[in-house]
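Asks: test case, fold it:
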Amino acid sequence: MEEPTTPAPQLGCPFCQRRDLELTLTETPSFYLLADHAPLVAGHLLIVPRAHYACYGAIPARLDAELLELKETTRRFLSEVYHAPTFFEHGVFRQTVYHAHLHAMPFGPVAWDLLEMATSVGGVACHSQDDLRTWYAERGQYFYLETPGDAARGSAAQAAIFPPEMGVYGRALSTLHSLTNAREGWSPPQLRFATRGPKLRALSQAWNAWRAEAE
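Replies: A predicted model of the protein is given here:
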């Protein structure tokens, strides 16, 4: 099978043009890790491909190993410095920036049964990037959630793909809001953006210290 070509940068896309991105923590040949510009909680990060892919379901398999390595680095940093992360992706559905980006939000242990939540509404468990690609190729839009589980309550880490339905999406967002409230209290995006400065400075210092200690 012929390898798909790498998408060209899109004029006006902030993730392609790297415009207004205040804090990039690290980069790999195909991805970069940056701070969210209106963090839900301290340590809220984004993993973004350099090329203009619509979503992670569109990213070719040849990038999987690189993506998973950066994702694991992100998981270790947040777990050791903040809290274990929940990962979330819009998968085109309800995106505000039309360029793939995976949220990593350090909420800590989560006791949801994601698989029950997903299968009850027509979603599926996600075991690999291949599962995401298959869904996107066959069914199009989706949203994706991955939780670290909660060892104290006996719940394991889980990942699931959800159908792009507003009722399902609304319930998932409500749960994310509850996790945010439990950590720092919910604030609207405008306020989170206006007060981002101290969080981004602390995040930069924490990342540099963590990397220095790892070396």
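Asks: for the closest residue to E89 other than its chain neighbours, grab phi and psi.
Replies: In this structure, E89 finds its nearest non-sequential neighbour in Y144, 4.3 Å apart by CB to CB, 6 or more residues apart in numbering. Where you see a C-beta, it was placed from the backbone N, CA and C, and this is true even at glycine. Torsion angles at Y144 (phi, psi; degrees, to the nearest 10) stand at phi -130, psi 140.
Asks: just W186 next, same as before
Replies: phi -80, psi 140.
Asks: ditto for the one 5 residues further on
Replies: Backbone torsions for L191, taken as degrees, to the nearest 10, come to phi -70, psi -40.
Asks: how about the helices in the chain?
Replies: In the chain, the helices defined using DSSP state H lie at 14-17, 64-81, 114-119, 129-139, 166-183, 189-194, 196-214.
Asks: out of these, the one nearest P29 is which?
Replies: Nearest to P29 among these is helix 64-81 (6.8 Å), distances taken as CB to CB.
Asks: so the residue nearest to E89 touches V124, yeah?
Replies: No - between Y144 and V124 there is no contact under CB atoms under 8 Å: 10.7 Å.
Asks: between those two, which contacts overlap?
Replies: By the contact definition CB atoms under 8 Å, 6 or more residues apart in numbering, Y144 and V124 are jointly contacted by 160-161.
Asks: quick one: which of the helices of the chain is nearest G108?
Replies: Nearest to G108 among the helices of the chain is helix 166-183; the distance by CB to CB comes to 7.5 Å.
Asks: contacts made by that closest one with the rest, please.
Replies: 40-41, 83, 86, 88, 93-94, 105, 107-108, 110, 112, 117, 121, 123, 143, 145, 162, 186.
Asks: re the thing from before, nearest to T24 among the helices of the chain would be which one?
Replies: Closest to T24 of those, according to CB to CB: helix 196-214, at 9.9 Å.
Asks: enumerate the positions of the closest one that are buried.
Replies: Under the neighbour-count criterion of 16 or more other CB atoms under 10 Å, helix 196-214 has 196, 199-200, 203, 206-207, 210 buried.
Asks: what's the answer for stretch 8-19, then?
Replies: Quick answer for stretch 8-19 (16+ other CB under 10 Å): 15-16.
Asks: what's the answer for stretch 75-86, then?
Replies: Buried, per 16+ other CB under 10 Å, within stretch 75-86: 75, 77-78, 81-86.
Asks: returning to that earlier point: and the furthest pair within the buried residues of helix 196-214?
Replies: R196 and W210 (20.1 Å).
Asks: CSV for the helices of the chain, including mean pLDDT and distance to A54?
Replies: Below are those laid out as CSV (pLDDT from 0 to 100; distance: least, CB to CB, whole Å):
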stretch, mean pLDDT, distance to A54
helix 14-17, 89, 12
helix 64-81, 97, 15
helix 114-119, 91, 21
helix 129-139, 96, 8
helix 166-183, 88, 18
helix 189-194, 93, 23
helix 196-214, 95, 27
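Asks: which stretch among those helices comes nearest A156?
Replies: Among the helices of the chain, helix 114-119 sits nearest to A156 (CB to CB), with 9.8 Å.
Asks: neighbouring contacts of that closest one?
Replies: So helix 114-119 is contacted by 123-125, 145-147, 158-162, 171-172 (CB under 8 Å, 6+ apart).
Asks: swap in stretch 24-34?
Replies: The list of residues contacting stretch 24-34 from outside it, by CB under 8 Å, 6+ apart, reads 18, 21, 23, 35, 45-51, 63, 66-67, 69-70, 73-74, 203-204, 207, 211.
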